[in-house]
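Enquirer: How does the following fold in three dimensions:
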Amino acid sequence: MRMPAAEGSQGVNKVVDSICRLSTDLVAEACQHVLSYLQGQTSGVDSAEISASFQRSDVTLEHEDLQNIIRFLLLTFRAAGKSNLSGDDLVSKLEEDSNEWSKGTLQVVHRLWSEHGAVVRSQQELQTTLSINQLVDMQWKLGMAVSSDTCRSLNSPYVSLRLKILEPSGQISYKSFEMTVPQFQNFHKQFKEMAALMETV
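Expert: All right, here's what the predicted structure looks like:
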């Protein structure tokens, strides 16, 4: 089994370095978020929640660095589950792919995988091969346009939408956009039609 290699070994070493700069408690917390998702206990891995937790411990990471850590942990634990690795096997594979790992970080990964690996493997077996994005939450607000590409006249009402989306990778992303009121009314009508149709399935 080959562990995730984003941009080759240099990319892996960069992510490993970011992980090893964290305290073992924060590494354990990040791993727990990922493992909870992979065990089907949560609907996704929310990077904003992890970032807020890190900030409470006076640790600030760039958004991209945190995303890379989450992606790496997701790929690592998924690959370990698919290959049916033990805790010892997983640590060996991680050490083969990077010499940047600290002993304390590897001990955390070993302990958590030994505790949760079997459940992750069984959850993977239950998952279907087809994965699509899922809408987790939608927020909207009504505003008045001062300037807009879509509203021809100023002082026109508009609706601002913010969608929370669960991607197949397990990461949660946010999409924001604006609609005119007639566009939103049509959007709402289509949602109602979809909901009615789904009730008949």
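
Enquirer: from here on, contacts and neighbour counts on C-alpha atoms
Expert: Fine.

Enquirer: What is the neighbour count of Leu112?
Expert: For Leu112, the number of neighbouring residues by other Cα atoms under 10 Å comes to 16.

Enquirer: Give the full set of residues in contact with it.
Expert: 28, 31-32 (Cα atoms under 8 Å, 6 or more residues apart in numbering).

Enquirer: pLDDT added to the residues you listed, as TSV?
Expert: Converted to TSV, those look like this (pLDDT from 0 to 100):
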residue	pLDDT
Ala28	94
Cys31	94
Gln32	94
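
Enquirer: got a winner among these for most neighbours?
Expert: Cys31 (21 neighbours).

Enquirer: That one touches Phe72, doesn't it?
Expert: No - taking contacts as Cα atoms under 8 Å, Cys31 lies outside contact range of Phe72: 10.4 Å.

Enquirer: what kind of secondary structure is Leu85 in?
Expert: The local conformation at Leu85, judged by DSSP: H, G, I helix; E, B strand; the rest coil, is coil.

Enquirer: burial measure for Ala30, as a count.
Expert: Ala30, neighbours per other Cα under 10 Å, totals 23.

Enquirer: Same check on the one 3 residues further on?
Expert: Close neighbours of His33, defined as other Cα under 10 Å, add up to 21.

Enquirer: Which helix runs longest in this structure?
Expert: As assigned by DSSP state H, the longest helix anywhere in the chain is helix 103-126.

Enquirer: Give me the pLDDT for Val59.
Expert: For Val59, the model assigns a pLDDT of 87.

Enquirer: Now it, what are its backbone angles?
Expert: Backbone torsions of Val59, given as degrees, to the nearest 10, read phi -120, psi 120.

Enquirer: Show the residue spans covered by the strands in this protein.
Expert: 134-144, 157-166, 172-180 (DSSP state E).
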